[in-house]
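>>> my questions concern the predicted model and sequence given below.
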Amino acid sequence: MSEINGGARSPFEGGPYGIHHLPYGIFSTADDPTRRIGVRIADQVLDLRALDSEAVFAPQIRAALASDSLNALMAAGPDAWRPVRSRITDLLASPDFGERASRALTPIRRARMHLPFAVADYVDFYASEHHATNLGRLFRPDSEPLLPNWKRLPVGYHGRAGTVVASGTAIGRPSGQRRGAGGEIEFGPSRRLDIEAEVGFVVGAPSEAGTAVPADDFAEHVFGVVLVNDWSARDIQAWEYQPLGPFLGKSFATSIGHWVTPLAALDAAKTAAPEQDPPPLAYLEESERFGYDLTLSVAWNGIEVSRPPFAQLYWTPAQQLAHMTVNGARLRTGDLYASGTVSGPEPGQYGSFIELTWGGSEPVRLGDGAERTFLEDGDTVTIGATAPGLGGETIGLGEVTGTIAPAR
Ligand code: CA
């Protein structure tokens, strides 16, 4: 797959944002505050609007590509995504690219990045067996960690789409009700503010109400992938969550990366997903059952504290899509569904601080003698991920970062 243009090597070959990746985002610059679609290539952003005069794209897709969000392109479906991606690849690989289109490139350091798409509905799953088992032990120490439904269906809940924010947005410490040390009910800023390192799937092509989307139609609807940090106030969550699940402990903010990696860029990262026991019901069966070999990284104030592996999630993204539509709920362009916290079996692979510090009992060392159990004001968390790329290189998904601001 690495051969482009009859084997000539593109100057953009290799690297986390090489020619086989080409994620989409929305950017502006100080000189031109208009928000427009950019494609990340190496340390630059290719401005699709600026390519308009080059007649690179088919007329019917040009309006969508001149938009201030990705939604119109996402809505156009895979029959539009494929030619757009291949036209961009050909352009970047062409020997006369410099003469034709170099003015459409902006150095990444000059780009101001924005939320890449308007979020329609936001669903969060709970698909990692290691994470669900750890949280079960921490939240319900006296019972079986996995509840009886967990291996029968991908457990999930509806989050708050309106508080999904772009990477880099400051995260205000939430306040809420919690149970004090003596069991008394009090109100105040969260003392157990946490992260959840997740992978988000972005729906492009919608579906009709009343129609279940089969797991095998995953690539017909899902446009791409973003990294997600599902900020979580554990003290608020622990008091409020029964019996209806997460609410204010989660809804204050969810951060997503600036760059949406097209699903096609992850074809080389497909890997066999774990066998399921008991076998799932028919609507959750897949003719080709696969996960994605993404390795996440979690940095706390610049110190890497975890490397969660995504490949072995029990419920695949295709099963999650089938499950969330099996009751007839329609998909809308801009729907975001996230995997749930990604945790592996080892402590260095946990995707949340409540797991890494085992409920706050085992502090994490951040260097310079600093120790943490949960987030302090001013702390910054950055989640990244790598994956095998189509040209044999390692690609890097757009990171998601955020810094905690004091409670107001
Ligand atoms: Ca979550």
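Cool, got the structure. Bear in mind that the values here come from a model prediction, so they are computed numbers and not experimental data. Numbers count the residues shown, from 1 in each chain.
>>> pull out the buried residues from the biggest helix by length in the chain.
Counting residues, the longest helix in the chain under DSSP state H turns out to be helix 78-93. In terms of neighbour count (16 or more other Cβ atoms under 10 Å), helix 78-93 has its buried residues at 78, 80, 81, 84, 85, 88, 89, 91, 92, 93. Heads up, the C-betas are built off the backbone N, CA and C, glycines and all.
>>> would you list the residues you listed in CSV and tack on pLDDT and distance to residue 369?
Compiled in CSV, those are given as follows (pLDDT from 0 to 100; distance: Cβ to Cβ, whole Å):
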residue, pLDDT, distance to residue 369
78, 98, 52
80, 97, 54
81, 98, 50
84, 97, 51
85, 97, 48
88, 95, 48
89, 95, 49
91, 93, 52
92, 94, 47
93, 93, 50
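>>> overlap between those and the residues near the ion?
For the ion, no contacts are drawn from the buried residues of helix 78-93 by Cβ under 5 Å from the ion.
>>> let me see the ranges of the helices in the stretch 151-300 of the chain.
For the stretch 151-300 of the chain, the helices defined by DSSP state H, counting those that start in this stretch occupy 218-221, 234-240, 248-251.
>>> which secondary structure elements does the longest one sit against?
Read it as helix 234-240. For helix 234-240, the packing partners by 3 or more Cβ pairs under 8 Å, 6 or more residues apart in numbering; DSSP states H and E come out as strand 175-179, helix 248-251.
>>> per-residue pLDDT, the residue of the chain found nearest the ion?
The minimum distance from the chain to the ion, using Cβ to the ion, falls at residue 230 (3.7 Å). On pLDDT, residue 230 comes in at 98.
>>> that one and residue 199 touch, don't they?
No. Contact criterion Cβ atoms under 8 Å: residue 230 and residue 199 do not qualify, at 10.9 Å.
>>> quickly list what's touching both of the two.
Counting by Cβ atoms under 8 Å, 6 or more residues apart in numbering, the residues touching both residue 230 and residue 199 are residue 338.
>>> in a markdown table, list the helices of the stretch 151-300 of the chain along with mean neighbour count, mean pLDDT and distance to residue 300.
Below are the helices of the stretch 151-300 of the chain laid out as a markdown table (neighbours: other Cβ atoms under 10 Å; pLDDT from 0 to 100; distance: least, Cβ to Cβ, whole Å):
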| stretch | mean neighbour count | mean pLDDT | distance to residue 300 |
| --- | --- | --- | --- |
| helix 218-221 | 18 | 98 | 33 |
| helix 234-240 | 21 | 97 | 16 |
| helix 248-251 | 21 | 98 | 20 |
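>>> same list, these, but as TSV with distance to the ion please.
Shown next, in TSV, are these (distance: least, Cβ to the ion, whole Å):
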stretch	distance to the ion
helix 218-221	21
helix 234-240	10
helix 248-251	7
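>>> who's in contact with the residue of the chain closest to the ion?
By Cβ under 8 Å, 6+ apart, the contact list for residue 230 reads 124, 159, 195, 196, 198, 250, 254, 338, 341.
>>> residues touching the first one, list them.
Under the criterion of Cβ under 8 Å, 6+ apart, the neighbours of residue 124 are 156, 157, 158, 159, 198, 230, 246, 250, 337, 338, 340.
>>> that one: what secondary structure?
Secondary structure, DSSP: H, G, I helix; E, B strand; the rest coil: residue 124 is strand.
>>> show the pLDDT at it.
98.
>>> again with the third one
Residue 195 is assigned a pLDDT of 98 by the prediction.
>>> wait, it touches residue 233, no?
No. Under the criterion of Cβ under 8 Å, residue 195 is not in contact with residue 233, lying 11.0 Å apart.
>>> any idea which residue of this protein is furthest from its center?
Centroid-distance maximum for the chain: residue 182 at 38.3 Å, with Cα atoms, centre = their mean.
>>> residues in contact with the nearest residue to residue 67 once chain neighbours are set aside?
Counting by Cβ to Cβ, 6 or more residues apart in numbering, residue 67 lies nearest to residue 37, which is 6.7 Å off, once chain neighbours are set aside. Residue 37 sits next to 24, 25, 26, 47, 48, 49, 65, 66, 67, 70, 73 when contact means Cβ under 8 Å, 6+ apart.
>>> hang on, the last one in a helix?
Spelled out, it's residue 73. Yes. Under three-state DSSP, residue 73 sits within a helix.
>>> tell me which element the residue nearest to residue 373 when sequence neighbours are not counted is part of?
The shortest distance from residue 373 to any non-neighbouring residue, by Cβ to Cβ, 6+ apart, is to residue 360 (4.1 Å). Assigned by DSSP states H and E, residue 360 belongs to no helix or strand.
>>> what is the burial count for residue 360?
By the criterion of other Cβ atoms under 10 Å, residue 360 has 17 neighbours.
>>> just the pLDDT for it.
95.
>>> test my guess that it contacts residue 372.
No. Taking Cβ under 8 Å as the definition, residue 360 is not a contact partner of residue 372, at 9.7 Å.
>>> in three-state terms, label residue 323 for me.
Put simply, residue 323 is helix when judged by three-state DSSP.
>>> what sits against it?
Contacts for residue 323 (Cβ under 8 Å, 6+ apart) come out as 153, 154, 156, 283, 284, 315.
>>> any chance of those residues in JSON lines with neighbour count as columns?
Formatted as JSON lines, the contacts of residue 323 follow (neighbours: other Cβ atoms under 10 Å):
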{"residue": "153", "neighbour count": "15"}
{"residue": "154", "neighbour count": "26"}
{"residue": "156", "neighbour count": "20"}
{"residue": "283", "neighbour count": "15"}
{"residue": "284", "neighbour count": "21"}
{"residue": "315", "neighbour count": "28"}
